[in-house]
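Participant: Structure here, sequence nowhere to be found:
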């Protein structure tokens, strides 16, 4: 349709270019001839707005004027034809088509629609063109939720036509277990680990956590002292803090087996009298085991050192001088 319209315009233009001029006779003053002469007016089509007014002297042939004048239109222009100038016989440009479109048949998902074009200048000029089918535009929603063990359902509805639908299964989610310790194990008893499915908390199961067993550490034997009890070797669990008499941890005890204090093994150290220059000391008792010193035989009175007896100092008596003899030495006083 559009190609045909262009062909009409091209043909019309060629016709207008080939239009003959229109001639009229009249009289006017000719400057060349110097008198009133008969002249010939020729009107030549220039374009769709103007024509030329040629004036020729019939005697000398001079073109005395060549003014441009507007067309004097007659008639009504249409889409494909213009009006006619009553002076030069030329035509104006046709109005051309001014198409306005409307959808006369809506497209569906699967069938084409129709758009109709009508010329506003002449409603008898129309044409149509197809509107491609819209195709499906599906939007989905979950109509049945999937569980751990059963499939769900997803439904697709075309937004262009809700009568076009289809469904597809949503695979079962399967179990997604998360675990926590619900009972802590001890050295001798099992604990419990509980599993709960995050997709469905009603799906649970448990499994035991094995007892850890004792974490035994040996405590070496402590021999008894003179006044302090000792104990036999034992084992202590660093986890539950219980005590055992055996390395295997089968015989539990409340306290280590005690070893009674031996008591002091005292030996008397006799009194030492003081001399002139040397101190003495009172009698005391010394433990042969712990080496401690005591002031009494029973041993409750511990001392750091024996009780000292001060030196008495010298008890001097003068011996007079003896002179030496012939054969015998003497000495001073």
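Facilitator: Here it is on my side, so go on. Note that the structure is predicted; figures quoted are calculated from it, not measured.

Participant: Beta-bridge partners for the closest residue in space to residue 99 that isn't next to it in sequence, please?
Facilitator: Closest residue to residue 99 apart from its sequence neighbours, by Cβ to Cβ, 6 or more residues apart in numbering: residue 117 at 4.2 Å. From N, CA and C alone the C-beta is placed, and that goes for glycine too. Residues in a beta bridge with residue 117, per DSSP bridges, are residue 101, residue 127.

Participant: neighbours of residue 117, just the number please.
Facilitator: 16 (other Cβ atoms under 10 Å).

Participant: what do you get for residue 266?
Facilitator: By other Cβ under 10 Å, neighbour count at residue 266 equals 20.

Participant: picking that back up, quickly note the distance from the residue nearest to residue 99 to residue 205.
Facilitator: From residue 117 across to residue 205, the span is 73 Å (Cβ to Cβ, to the nearest Å).

Participant: What of residue 317?
Facilitator: Taken as Cβ to Cβ, the span from residue 317 to residue 205 is 112 Å.

Participant: neighbour count winner among those two?
Facilitator: residue 205 (12 against 5).

Participant: which SSE is the more buried one in?
Facilitator: strand 204-209 (DSSP states H and E).

Participant: Identify the residues contacting the residue nearest to residue 99.
Facilitator: 99, 100, 101, 126, 127, 128, 129 (Cβ atoms under 8 Å, 6 or more residues apart in numbering).

Participant: Check the burial of the third one by counting its neighbours.
Facilitator: Using other Cβ under 10 Å, residue 101 has 12 other residues around it.

Participant: My read is that it contacts residue 119, right?
Facilitator: No. The pair residue 101 / residue 119 is not scored as a contact, 10.8 Å apart, by Cβ atoms under 8 Å.

Participant: Any stretches of this protein with poor pLDDT?
Facilitator: In the predicted model, the chain carries pLDDT under 70 at residues 1-25, 64-65.

Participant: what does the domain assignment say about it?
Facilitator: 2-85, 99-131, 140-170, 177-209, 216-259, 264-333 (automatic domain parsing).

Participant: Now do the strand holding residue 205: distance to the chain's middle.
Facilitator: 34 Å (Cα atoms, centre = their mean, to the nearest Å).

Participant: For it, which strands pair with it and how are they oriented?
Facilitator: Counting by DSSP bridges, the strands paired with strand 204-209 are strand 191-197 (antiparallel).

Participant: From residue 255, how far off is the nearest residue to residue 238 once chain neighbours are set aside?
Facilitator: Using Cβ to Cβ, 6+ apart and skipping the chain neighbours, the partner closest in space to residue 238 is residue 215 (4.6 Å). For residue 215, the distance to residue 255 equals 20 Å [Cβ to Cβ].

Participant: any chance you could map the strands in the stretch 51-200 of the chain?
Facilitator: 63-65, 68-70, 73-74, 84-85, 99-105, 113-119, 126-131, 138-144, 152-158, 165-170, 177-183, 191-197 (DSSP state E, counting those that start in this stretch).

Participant: Tell me the buried residues in the last one?
Facilitator: The neighbour-count criterion (16 or more other Cβ atoms under 10 Å) identifies 191, 196, 197 as the buried residues of strand 191-197.

Participant: which of the residues you listed lies closest to residue 108?
Facilitator: residue 197 (46.0 Å; Cβ to Cβ).

Participant: mind listing what that closest one touches?
Facilitator: Residue 197 neighbours (Cβ under 8 Å, 6+ apart): 148, 175, 176, 177, 178, 203, 204.

Participant: now residue 252
Facilitator: Residue 252 touches 242, 243, 244, counting by Cβ under 8 Å, 6+ apart.

Participant: can you redo these as CSV with neighbour count?
Facilitator: As requested, these are arranged in CSV below (neighbours: other Cβ atoms under 10 Å):
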residue, neighbour count
242, 16
243, 17
244, 17
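
Participant: Residue 268 is in contact with residue 297, correct?
Facilitator: Yes. Residue 297 lies in contact with residue 268 (Cβ under 8 Å); the separation is 7.0 Å.

Participant: what touches both of these two?
Facilitator: residue 285.

Participant: ok, back up a step: any of the contacts of residue 197 buried? List them.
Facilitator: 148, 203.

Participant: mind giving me CSV with the contacts of residue 197 and columns for distance to residue 226?
Facilitator: Below are the contacts of residue 197 laid out as CSV (distance: Cβ to Cβ, whole Å):
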residue, distance to residue 226
148, 75
175, 71
176, 70
177, 66
178, 64
203, 70
204, 65
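
Participant: Out of the contacts of residue 197, which comes closest to residue 310?
Facilitator: Nearest member of the contacts of residue 197 to residue 310, counting by Cβ to Cβ, is residue 178, at 88.7 Å.

Participant: My read is that that closest one contacts residue 193, right?
Facilitator: No. Counting by Cβ under 8 Å, residue 178 stays clear of residue 193, with 11.0 Å between them.

Participant: any idea how far residue 102 is from residue 253?
Facilitator: 105 Å.

Participant: which of these two has more neighbours?
Facilitator: Comparing residue 102 with residue 253 by other Cβ under 10 Å, the one with more neighbours is residue 253, at 14 against 9.

Participant: you'd agree that one is up against residue 234?
Facilitator: Yes. Between residue 253 and residue 234 there is a contact at 6.6 Å, judged by Cβ under 8 Å.
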